[in-house]
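**Student:** Here you go, sequence then predicted model.
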Amino acid sequence: MGRRGFTTRQLHEREAVPAPTARATPIYLTAGFEFDEYDAAASHFGEGHGYAYTRTGNPTIEAVEHRLASLEGGSQALLLSSGQAATSVALLGLLESGQHIVSSTHIYEGTRGLLRDNLVRLGITTTFVDDIDDLDAWEAAIRPNTRALFVESISNATNRLVDIAALAGLAHSHGIPLVVDSTFATPYLVRPIEHGADVVVHSTSKFLSGHGSVIGGAIVDAGTFDAERSGALFPQLVAPGRTGAPSFAERWGGDARIAYLRESVAPRFGTTPSPLNAFLLGQGMETLSLRVQRQSENALAVAQWLESCPQIETVDYVGLPSHPDHALAQRYLPDGYGAVFSFTVRGGAAAARAFVERLEVFTHMTHLGDVRSLVLHPASTSHVFLTEAEQRAVGVEPDTLRFSIGIEDAADLIDDLAAALAFADDAAVAAV
Ligand SMILES: *Cc1c(COP(=O)(O)O)cnc(C)c1O
């Protein structure tokens, strides 16, 4: 291109790029891809071959999807721009106006807002089940227009677990899927699909990427869509395409649900992640087991220590025998009990405040699943949009604090807590 103008060369000059085999996942940070030959364009748009535009497919994103599907024991995964995008897309693929979700009450506040404020405006309503151990309560909430059951595998704020296998059985007896938000557990601790769940969603911003640097989300599907059994309930998956093309079920069989999300829902609602974020997620996932194992060990040590402290009123950690769901945890979480839990300090909100302000190793912020230990006061932050009665119903009291335990040396965490507790105790005494 030597003789072309400066600006043209600035745009078009490039080496003939060799394609060496990179050991790390290459980052295809590009909006689009060249069609190597003329007919490749039509073949992409017609049959979906190859890559054209990152909103509909990107090799970096797909490499990470492949890894996550394998870890989760699913058939396929789909990465999205955030955990909220993952839940939104998963539900928008299953439900339309006039239809209904049955959800656990014990869910992430962003999801509760999505169900109560946003999906409602699209004509999709939700019934919440408080007592999630009560299978009859779930059954009673299911209506002819229900198209999904929704739960979290380990819930905020009180570490509630649910019998995934039993709930999956109930969902299947109605021909509908069980959708599990497994953000707190990660596939290292529990793989809901192995227990019968159909769809798993994640905020990959948390443990999966692990370092608190990127926002992301994912949907993993079990590949269990059964057109014979459930086709009438999900016409979008079994109806022919607008030009008479075969339906998603005909083209993808059991993977019809996630193919529909990948081809129709996610690219239209525009929830694509950046390839750079996908790379950082993939990088984080390479140490998932090591981090979550260590975080779970640290969390158990911290929870046991807290429970032994006279200044601590309650500790809601499912790894402790005192937790009401401990038996379920032994069945579902054999490799560790996770790293996020709540507790209350004696002395009320003033003591809680003094405690947080005195902590040095713990970071005060609204996030979780980071390699660093974090602390948060839910009543004034994540749960501030609930009434006090609603806060109580999900286990958030005015003096509840939440930890997300990191990978630090456990002894340093406990020393930090001991110093902060002594300080909070003095503050509480001074306040009286
Ligand atoms: C953080 C979180 C979400 C939302 O994910 P974002 O990545 O923040 O959009 C959903 N569910 C759970 C359980 C979460 O912790």
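**Tutor:** Nice, I can see it.
**Student:** Indicate the residue of the stretch 1-150 of the chain located nearest to the ligand.
**Tutor:** Distances between the stretch 1-150 of the chain and the ligand by C-beta to the nearest ligand atom are smallest at residue 83, namely 2.1 Å. (Each C-beta comes from the backbone N, C-alpha and C, glycine too.)
**Student:** wait, isn't that residue in contact with residue 203?
**Tutor:** Yes. Between residue 83 and residue 203 there is a contact under C-beta atoms under 8 Å: 2.5 Å.
**Student:** For the two, list the residues in contact with both.
**Tutor:** By C-beta atoms under 8 Å, 6 or more residues apart in numbering, residue 83 and residue 203 have these common neighbours: 108, 181, 183, 216, 217.
**Student:** The ligand next: which of the residues you listed are close?
**Tutor:** 108, 181, 183, 217 (C-beta under 6 Å from any ligand atom).
**Student:** wait, doesn't the last one sit right on residue 208?
**Tutor:** Going back to what we said before, that points to residue 217. No. Counting by C-beta under 8 Å, residue 217 stays clear of residue 208, with 9.5 Å between them.
**Student:** which residues do those two both contact?
**Tutor:** Shared contacts of residue 217 and residue 208 (C-beta under 8 Å, 6+ apart): residue 202.
**Student:** Secondary structure element holding residue 389?
**Tutor:** Using DSSP states H and E, residue 389 sits within helix 388-393.
**Student:** Identify each buried residue in that helix, please.
**Tutor:** residue 391 (16 or more other C-beta atoms under 10 Å).
**Student:** same check, this time on stretch 186-199
**Tutor:** Quick answer for stretch 186-199 (16+ other C-beta under 10 Å): 186-193, 195-199.
**Student:** Can you name the residues bridging to whichever residue of the stretch 201-350 of the chain sits closest to the ligand?
**Tutor:** Nearest residue of the stretch 201-350 of the chain to the ligand: residue 203, at 3.0 Å (C-beta to the nearest ligand atom). Counting by DSSP bridges, residue 203 is bridged to residue 217.
**Student:** ok, it touching residue 86?
**Tutor:** Yes. With contact defined as C-beta under 8 Å, residue 203 counts as touching residue 86 (7.1 Å).
**Student:** Can you check which residues contact both of these two?
**Tutor:** Overlap of the contact sets of residue 203 and residue 86 (by C-beta under 8 Å, 6+ apart) consists of residue 217.
**Student:** And the chain, split by domain according to the record?
**Tutor:** For the chain, automatic domain parsing gives the domain ranges 58-285, 288-431.
**Student:** For residue 291, report the pLDDT, please.
**Tutor:** pLDDT recorded at residue 291 is 98.
**Student:** which non-adjacent residue is nearest it?
**Tutor:** residue 210 (5.4 Å; C-beta to C-beta, 6 or more residues apart in numbering).
**Student:** Residue 123 now?
**Tutor:** residue 97 (3.2 Å).
**Student:** and the closest residue to the ligand within the stretch 251-400 of the chain, what is it in contact with?
**Tutor:** Residue nearest to the ligand within the stretch 251-400 of the chain: residue 368 (6.1 Å; C-beta to the nearest ligand atom). The neighbourhood of residue 368, defined by C-beta under 8 Å, 6+ apart, consists of 184, 206, 207, 339, 340, 374, 402, 404.
**Student:** Pretty sure it sits in a helix.
**Tutor:** No. Counting by DSSP: H, G, I helix; E, B strand; the rest coil, residue 368 is not part of a helix but coil.
**Student:** So for stretch 362-377, what gets flagged as buried?
**Tutor:** Buried residues in stretch 362-377 (16+ other C-beta under 10 Å): 362, 363, 368, 369, 370, 371, 372, 373, 374, 375, 376, 377.
**Student:** tell me the two of those that are most distant?
**Tutor:** 371 and 377 (21.7 Å; C-beta to C-beta).
**Student:** that older thread, between residue 83 and residue 203, who's got more neighbours?
**Tutor:** When residue 83 and residue 203 are compared for neighbours, residue 203 comes out ahead with 28 against 24, by other C-beta atoms under 10 Å.
**Student:** and residue 72, what does it touch?
**Tutor:** By C-beta under 8 Å, 6+ apart, the neighbours of residue 72 are 182, 187, 191, 193, 200, 220.
**Student:** Quick check: the last one is in a strand.
**Tutor:** Yes. Judged by three-state DSSP, residue 220 forms part of a strand.
**Student:** Test my guess that it contacts residue 67.
**Tutor:** No. The pair residue 220 / residue 67 is not scored as a contact, 11.0 Å apart, by C-beta under 8 Å.
**Student:** So which of the two has more stuff around it?
**Tutor:** Using other C-beta under 10 Å, the more surrounded residue of residue 220 and residue 67 is residue 220, with 32 against 17.
**Student:** name the element the residue lying closest to that one once chain neighbours are set aside belongs to?
**Tutor:** Spatial nearest neighbour of residue 220, excluding adjacent residues (C-beta to C-beta, 6+ apart): residue 74 at 3.8 Å. For residue 74, there is no enclosing helix or strand under DSSP H and E.
**Student:** Residue 74 reaches residue 221, doesn't it?
**Tutor:** Yes. Taking contact to mean C-beta under 8 Å, the distance of 5.8 Å between residue 74 and residue 221 places them in contact.
**Student:** which residues are in contact with both of the two?
**Tutor:** With C-beta under 8 Å, 6+ apart, residue 74 and residue 221 have common neighbours residue 200.
**Student:** If anything else comes up later, I'll come back, but that's it for now.
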